[in-house]
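Enquirer: based on what follows, work out the 3D shape:
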Amino acid sequence: MIKITKKDQKLIENIIKNNKQQVMFINNNEDYLMEAFNYIKNISGSNSENIITIGDFKSEIKKADIIEALQRLQQTSIFKNNNKYLTIFGSDKLNDYASNSLLKYLEEPSNNSIILLFTTNIESNLITIQSRSIKIYLKHQSEELVKSQQIAEKLLINIKNKQNIKNFIVINKLKNENKKNIDTSLTILYQKILNLDIKHKFKIIDLILQCIYKMNIENRNFILYLEECFIKIYNLKYDQN
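Expert: All right, here's what the predicted structure looks like:
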């Protein structure tokens, strides 16, 4: 299940708190954008009465759709003294007529209306709509990245505790992973070690970088490179400060 990252939660909270009127949320994953929308609903206390939604990320959005939505948005008596949200799922699917109708409204929006645009393809949005919107690039974590982070964390803990045997257990489990995932795990491990306060830190980092380099240019079994790397790390016999 996709969850909104804490960093993206902060971005969304700042946008809602400051009542920005036109916001474009960008991510290549539709499900993640929908989770972002649900998070907006939760923190803003909004409901079906003050949120108008159009689009499904797939179908073309026509001028008539925009006109109808804007008419509902302008019924201020329904949304008395509250923010009103027009949410467009797939703003890249607006046809030219729909884009121009929306753009005309964006030039003179009502005070308590907020336009939320969600798109997986920013390049297909009208340039003038892009320029009038605050662009928020959301970054979700794929399952592969989460797995790589978990691998890196296990290796890091074992390095800190000088548990070489446990590292070999982790490495042995990596045999079923592809080279890309292992490369990502080592890169994350390298970044984490940079933040450690231990002796021989840069020697360890150098060994990991060498391992990544060898894995990417040679066809030998890359698990052997991992074993070799962690034997060398263990042989450094470093002590924590």
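
Enquirer: compute the mean per-residue pLDDT across stretch 227-241, please.
Expert: Averaged across stretch 227-241, the pLDDT comes to 73.

Enquirer: also stretch 100-119?
Expert: Mean per-residue pLDDT for stretch 100-119: 88.

Enquirer: now that stretch, how far from the centre of its chain.
Expert: Taking CA atoms, centre = their mean, to the nearest Å, the mean C-alpha location of stretch 100-119 is offset from the chain mean by 25 Å.

Enquirer: tell me how far the ends of it are from each other?
Expert: End-to-end distance for stretch 100-119, by CA to CA, to the nearest Å: 17 Å.

Enquirer: what about the strands in this protein?
Expert: Using DSSP state E, the strands of the chain run over 22-26, 51-54, 84-89, 113-119, 134-137.

Enquirer: could you report the distance from residue 170 to residue 153?
Expert: Distance from residue 170 to residue 153, counting by CB to CB, to the nearest Å: 10 Å. Backbone N, C-alpha and C define where each C-beta goes, glycine included.

Enquirer: neighbour count winner among these two?
Expert: Between residue 170 and residue 153, counting by other CB atoms under 10 Å, residue 170 is the more crowded of the two (19 against 14).

Enquirer: and the gap between the more buried one and residue 226?
Expert: Distance, residue 170 to residue 226, by CB to CB: 9 Å.

Enquirer: do the same with residue 137
Expert: Separation of residue 137 from residue 226 (CB to CB): 33 Å.

Enquirer: show me what contacts residue 233?
Expert: Counting by CB atoms under 8 Å, 6 or more residues apart in numbering, residue 233 makes contact with 159, 204, 207.

Enquirer: out of these, list just those in helices.
Expert: 159, 204, 207 (DSSP state H).

Enquirer: skipping adjacent residues, who's closest to residue 85 in space?
Expert: Spatial nearest neighbour of residue 85, excluding adjacent residues (CB to CB, 6 or more residues apart in numbering): residue 51 at 4.6 Å.
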